[in-house]
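S.K.: No sequence on hand, only this structure:
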Ligand code: SF4
């Protein structure tokens, strides 16, 4: 499933409310630093020349949409996600600056949110851009290197969980941590971030990072790896319980 235009929606998001989607990655194929086994956009393409919309094209598309909507539709959020990792756009900081300015002008109550896989948090301009947003929704699917690599398949094979946690810690908890729980198999190797060993490592990472919100969710649509299992609501409740008991703000989408 690919998002077809720079601005799409508004759609009702189970996690975010009435959301205007922003697609600043290529429209024809996913461009991402991960290749998650559950990615709704399919697998990364080995060879392709990505064509990204320019800052000006993005600003114009958003302004046109916000002008049309200003009088008759209530928007909760403008959300950057879509066909890959939005922070890869080389003009990401300016795009966020433009978006915040347009939001202030046309729809001041709307939040600006970015869903990111956290892999670009070593770049200061990405961190600066994310600090300008109202919501930073940042992925950490597993807290052991082996499971993170099996689930997310980072393009940078040297990426570690320790590095991701260090980068996430820059926000001093002022972000939403997002984790997809799943089980299954890929390339003959088991995938399971719900085992007691994996959960122990993930709880520890959560306690270290103390995010203001945690979103845990399950597979919802067709996945490129077909041998994956959706975790039940009951099991998600069990995964969440120890953190809820400790006072964390946790949302389950299951
Ligand atoms: S980080 Fe998101 S866009 Fe990238 S592969 Fe994973 S699910 Fe797909």
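M.R.: Ah, there it is. Just so you know, these numbers come straight off a predicted model, no measurement behind them. Numbers count the residues shown, from 1 in each chain.
S.K.: hey, let's count contacts and neighbours off CA atoms from now on
M.R.: OK.
S.K.: Can you name the residues that contact the residue of the stretch 51-200 of the chain found nearest the ligand?
M.R.: In the stretch 51-200 of the chain, the residue that lies nearest the ligand is residue 84 (3.7 Å; C-alpha to the nearest ligand atom). Residues near residue 84 by C-alpha atoms under 8 Å, 6 or more residues apart in numbering: 25, 30, 31, 32, 33, 41.
S.K.: how about a cut-off of 7 Å?
M.R.: 25, 30, 31, 32 (C-alpha atoms under 7 Å, 6 or more residues apart in numbering).
S.K.: need these in a markdown table with secondary structure and distance to the ligand, can you?
M.R.: Output for the contacts of residue 84, formatted as a markdown table (DSSP: H, G, I helix; E, B strand; the rest coil; distance: C-alpha to the nearest ligand atom, whole Å):
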| residue | secondary structure | distance to the ligand |
| --- | --- | --- |
| 25 | coil | 10 |
| 30 | coil | 7 |
| 31 | strand | 7 |
| 32 | coil | 5 |
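S.K.: okay, who's weakest in those by pLDDT?
M.R.: Least confident by pLDDT among the contacts of residue 84: that is residue 30, with 89.
S.K.: ok, the residue lying closest to that residue once chain neighbours are set aside to residue 166 distance?
M.R.: Closest residue to residue 30 apart from its sequence neighbours, by C-alpha to C-alpha, 6 or more residues apart in numbering: residue 83 at 4.5 Å. Going from residue 83 to residue 166 by C-alpha to C-alpha, to the nearest Å gives 26 Å.
S.K.: if you count what's nearby, which of those two comes out ahead?
M.R.: Ranked by neighbour count (other C-alpha atoms under 10 Å), residue 83 and residue 166 place residue 83 first, with 25 against 15.
S.K.: Now the phi/psi pair for the more buried one, please.
M.R.: Residue 83 has phi and psi values of phi -80, psi 50 when expressed as degrees, to the nearest 10.
S.K.: just checking, it touches residue 34?
M.R.: No. Residue 83 lies out of contact with residue 34 (C-alpha atoms under 7 Å); the separation is 11.7 Å.
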